[in-house]
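*Asks:* need a 3D model of the following:
(2 chains)
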Protein chains: 2
Amino acid sequence: MSNHPEAPVAPVEAYEPPYYVAVFTAVRTEDQSGYSKTNARMEALVKDIPGYLGMDYAQTPGGLAITVGYFRDADALKQWQSNAEHRAAQKRGQAEWYQSYTLHVAKVERSHGFTRA
Amino acid sequence: MSNHPEAPVAPVEAYEPPYYVAVFTAVRTEDQSGYSKTNARMEALVKDIPGYLGMDYAQTPGGLAITVGYFRDADALKQWQSNAEHRAAQKRGQAEWYQSYTLHVAKVERSHGFTRA
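*Replies:* Numbering: from 1, shown residues only, chains lettered A, B, ... in the order given. Next up, the predicted model:
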């Protein structure tokens, strides 16, 4: 649920496990009216969740969009998923913006990063 | 490590948990010589791993690339990660194709999908 047009291009870092990832893979519909505004609001809202660690987003033009949200623990993720505005946005997404999607919620067991010297 | 130019645009389905995801988020370098060929080989190789469930890929032009691999269990993922050709490709990726990346390996606890009627 994020376009991050303003963000620097860098992946979210590898945190110390355990932490949680919410992997959201979606195909959008053609009519994206209202999406950007709602998306910006969601980006602002999620940052207020204690334990929110960050988000990665990529979209192939005309293809798949993948959003990965990172959370310190299951409670932080639960708080975000039960947020009333977020739930309303999800319902609108099903009605208007998404052709199909899958959500995978997973507990990270190990992670590492690489940055070119 | 996948472009999936030939694949139909649909996210990998929600399997019955538990299963594993390997979330690979990367920023590429400018010189991608040899990447496509190696990537095609990796796509062919991973399909031979017992317990390989599928892969999602998205890349924002000039931006982040996200690959999510799905595996039935930790052993299947371990088998892929210890594959000699795969390891050689990872080393070449660090030397040539990636500016930075993060890998998160996680055990899926719940998942669900949506498809428009």
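*Asks:* show me where chain A has its strands.
*Replies:* Taking DSSP state E to define them, one finds strands in chain A at A:19-28, A:52-59, A:65-71, A:98-115.
*Asks:* who does the shortest one touch, helix- and strand-wise?
*Replies:* This points to strand A:65-71. strand A:19-28, strand A:52-59, helix A:74-81, strand B:52-59, strand B:65-71 (3 or more C-beta pairs under 8 Å, 6 or more residues apart in numbering or on different chains; DSSP states H and E). In this view, the C-beta of every residue, glycine as well, is placed from N, C-alpha and C.
*Asks:* now find how far off-centre stretch A:87-102 is within its chain.
*Replies:* Distance of stretch A:87-102 from the chain centroid (C-alpha atoms, centre = their mean, to the nearest Å) equals 13 Å.
*Asks:* scratch that, stretch A:49-67 is what I was asking about
*Replies:* That offset, for stretch A:49-67, works out to 4 Å (C-alpha atoms, centre = their mean).
*Asks:* now do the buried residues in it.
*Replies:* Neighbour-count burial for stretch A:49-67 flags A:49, A:51-53, A:55-60, A:63-67 (criterion: 16 or more other C-beta atoms under 10 Å in any protein chain shown).
*Asks:* mind checking how far A:Y101 is from chain B?
*Replies:* For A:Y101, the distance to chain B equals 5 Å [C-beta to the nearest C-beta, to the nearest Å].
*Asks:* related to what we said a few turns ago, deepest of the strands of chain A, which one?
*Replies:* Looking across those with neighbours counted as mean count of other C-beta atoms under 10 Å in any protein chain shown, the highest average goes to strand A:65-71: a mean of 25.
*Asks:* and that strand, which strands flank it?
*Replies:* Partners of strand A:65-71 in the sheet, by DSSP bridges, are strand A:19-28 (antiparallel), strand A:52-59 (antiparallel).
*Asks:* quick one: it to strand A:98-115, angle?
*Replies:* For strand A:65-71 against strand A:98-115, the angle by axes from the mean of the first three to the mean of the last three C-alpha atoms, to 10 degrees is 60 degrees.
*Asks:* residues contacting strand A:65-71, please?
*Replies:* Residues outside strand A:65-71 that contact it (C-beta atoms under 8 Å, 6 or more residues apart in numbering or on different chains): A:1-2, A:12, A:15, A:19-28, A:46, A:49, A:51-59, A:77, A:80, B:23, B:25, B:56-58, B:66, B:68, B:104.
*Asks:* one step back: mind giving me JSON lines with the strands paired with strand A:65-71 and columns for distance to B:R110?
*Replies:* What follows is those, written out as JSON lines (distance: least, C-beta to C-beta, whole Å):
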{"stretch": "strand A:19-28", "distance to B:R110": "10"}
{"stretch": "strand A:52-59", "distance to B:R110": "19"}
